[in-house]
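Q: kindly return the folded structure for what I paste below:
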Amino acid sequence: MNPILVEITRGGIVESAHRGAIAVTDIDGKLVAKWGDIEAAVFPRSAFKSLQALPLVETGAADSWRLGDEELALACASHSSEPMHVERVEAWLARIDCRESDLACGPHLPFHEPTAHAMLRAGKKPCRLHNNCSGKHTGFLSVARHLKIATDGYERPDHPVQVLAREAIADLCGLQPSAMPIGIDGCAAPNYAIPLQNLAAAMARLGAPAKLPPARAEAAARLVKAWKAHPLLVSGTGRACAEMIEAASGRTVVKTGAEGVFTAVLPDKGLGIALKIDDGGTRAAEAALAKVLVLVGAAEEDALAKYIKPPVRNWRGDVVGERRTTAALAKLQ
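A: Residues are numbered from 1 along each chain as shown. Reported below is the predicted structural model:
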């Protein structure tokens, strides 16, 4: 059974507890620290979008379409559907001669509440551009357009674009493509079950890609550079990813995924982090990742205090408890 990593208290009593597993590895896959079962395969969900975006650069599509850091950041993003996100994705689609209807992801309301409220007040409905994965999907479409292959069905696991993505993911994870069971993500694109240790190693290699083949190393470096330069495009206003990246002052980039998954890339240290909270709790994943970033020297604890040990408040604003990491996360293990 995985250890309890995060607790929620109320009135001094532990009200809820979150178990999970974490792997910290170097570029060779060697463990630097671990908590829980890191060999069990998990679906990274959006936490490995940077790996899915590798063919966008490797195939020459990014250069062919004159994509800059903003578009590359959006390809790695789970954005909040703020105007800064939607307008850029829409312009990118126009550049590759595609439309909103070409996106395979379904619509949902923006994660950014002011934007969502403004849409509802105006009587507007979200479209596929508002899907938090629309940048990733536009990246897939860009590859298909560049390779002059069909865009229809680009999200299917057997489409050439997804075959390229799967091979790149497997390579960085040190796995055979056939060893990664396929699931379908919330955005309709394929997702692959990967052990946390392998996922952490992939993140390490992404940030320190010197041992990768030249084209793949260049793609990794460009994606991490874009990710680091545009944290707000990768996530959004007030989101944990943007705030953790900014708090780390260039020492790490991080990416959340659904169901309590988080990854981090530490380029200067040549390390990668991957974690999964058993019950899928995002609040626990944020707390656990923030604490591990402090433990590995990627950020100061004061800068991440709002995630490591934030107060629990009632609807009136009174402090009634706290969210906190446990003694299991007091030091590297």
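Q: please make it C-alpha for all contacts and neighbour counts, starting now.
A: Fine.
Q: elements contacting the longest strand along the chain?
A: Longest strand of the chain, by residue count under DSSP state E: strand 13-26. If contacts are counted by 3 or more C-alpha pairs under 8 Å, 6 or more residues apart in numbering; DSSP states H and E, strand 13-26 sits against strand 4-10, strand 31-35, helix 196-207, strand 271-277.
Q: give the buried residues for the following helix or strand past the longest one.
A: By that I understand helix 196-207. Once helix 196-207 ends, the next helix or strand along the chain (criterion: DSSP states H and E) is helix 214-229. By neighbour count on 16 or more other C-alpha atoms under 10 Å, the buried set for helix 214-229 is 216-229.
Q: could you dump those into JSON lines with pLDDT added?
A: Shown next, in JSON lines, are the buried residues of helix 214-229 (pLDDT from 0 to 100):
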{"residue": "216", "pLDDT": "97"}
{"residue": "217", "pLDDT": "98"}
{"residue": "218", "pLDDT": "98"}
{"residue": "219", "pLDDT": "98"}
{"residue": "220", "pLDDT": "98"}
{"residue": "221", "pLDDT": "98"}
{"residue": "222", "pLDDT": "98"}
{"residue": "223", "pLDDT": "98"}
{"residue": "224", "pLDDT": "98"}
{"residue": "225", "pLDDT": "98"}
{"residue": "226", "pLDDT": "98"}
{"residue": "227", "pLDDT": "97"}
{"residue": "228", "pLDDT": "97"}
{"residue": "229", "pLDDT": "97"}
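Q: next one: the longest strand of the chain to chain centre, how far?
A: 18 Å (C-alpha atoms, centre = their mean, to the nearest Å).
Q: to residue 92, which of the helices and strands packed on strand 13-26 lies closest?
A: Closest approach to residue 92 among the helices and strands packed on strand 13-26 is made by helix 196-207 (24.7 Å; C-alpha to C-alpha).
Q: ok, which of the helices and strands packed on strand 13-26 comes nearest residue 53?
A: Nearest of the helices and strands packed on strand 13-26 (C-alpha to C-alpha): helix 196-207, 11.5 Å.
Q: packing partners for the closest one?
A: strand 13-26, helix 160-173, helix 214-229, strand 261-266, strand 271-277.
Q: with distance to residue 192 added, can I get the ones you listed in CSV?
A: Formatted as CSV, the helices and strands packed on helix 196-207 follow (distance: least, C-alpha to C-alpha, whole Å):
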stretch, distance to residue 192
strand 13-26, 18
helix 160-173, 8
helix 214-229, 19
strand 261-266, 13
strand 271-277, 14
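Q: out of those, which one sits most buried?
A: Per residue and on average, the most neighbours among these fall to strand 271-277, with a mean of 31 (mean count of other C-alpha atoms under 10 Å).
Q: mind giving me the packing neighbours of it?
A: Using 3+ C-alpha pairs under 8 Å, 6+ apart, strand 271-277 sits against strand 13-26, helix 196-207, strand 261-266, helix 282-295.
Q: pLDDT on that strand, on average?
A: Per-residue pLDDT values over strand 271-277 give a mean of 98.
Q: pull the CA atoms of it into PDB?
A: Below are the C-alpha coordinates for strand 271-277, written out as PDB (Å, rounded to 0.1, in the frame of the first residue of the first chain):
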ATOM      1  CA  LEU A 271      16.400  15.100 -12.800                       C
ATOM      2  CA  GLY A 272      12.800  14.300 -13.500                       C
ATOM      3  CA  ILE A 273       9.800  13.800 -11.100                       C
ATOM      4  CA  ALA A 274       6.600  11.900 -11.700                       C
ATOM      5  CA  LEU A 275       3.900  11.300  -9.100                       C
ATOM      6  CA  LYS A 276       0.400   9.900  -8.800                       C
ATOM      7  CA  ILE A 277      -2.100  10.400  -6.000                       C
END
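Q: how much space separates the spatially closest residue to residue 226 that is not a sequence neighbour from residue 80?
A: Closest residue to residue 226 apart from its sequence neighbours, by C-alpha to C-alpha, 6 or more residues apart in numbering: residue 69 at 4.5 Å. Using C-alpha to C-alpha, to the nearest Å, one gets 18 Å for the distance from residue 69 to residue 80.
Q: neighbour-wise, which of these two wins?
A: More neighbours surround residue 80 than the other of residue 69 and residue 80, with 28 against 18 (other C-alpha atoms under 10 Å).
Q: the more buried one should be in a strand, yeah?
A: No: Residue 80: not assigned to a strand; according to DSSP: H, G, I helix; E, B strand; the rest coil it is coil.
Q: if we can go back for a sec, compare the helices and strands packed on helix 196-207 and give me the one nearest residue 327.
A: Between the helices and strands packed on helix 196-207, strand 13-26 lies closest to residue 327; by C-alpha to C-alpha that is 12.6 Å.
Q: just checking: what are the partner strands of the closest one?
A: strand 4-10 (antiparallel), strand 31-35 (antiparallel), strand 271-277 (antiparallel) (DSSP bridges).
Q: what's the first-to-last distance across stretch 172-190?
A: Using C-alpha to C-alpha, the two ends of stretch 172-190 sit 17 Å apart.
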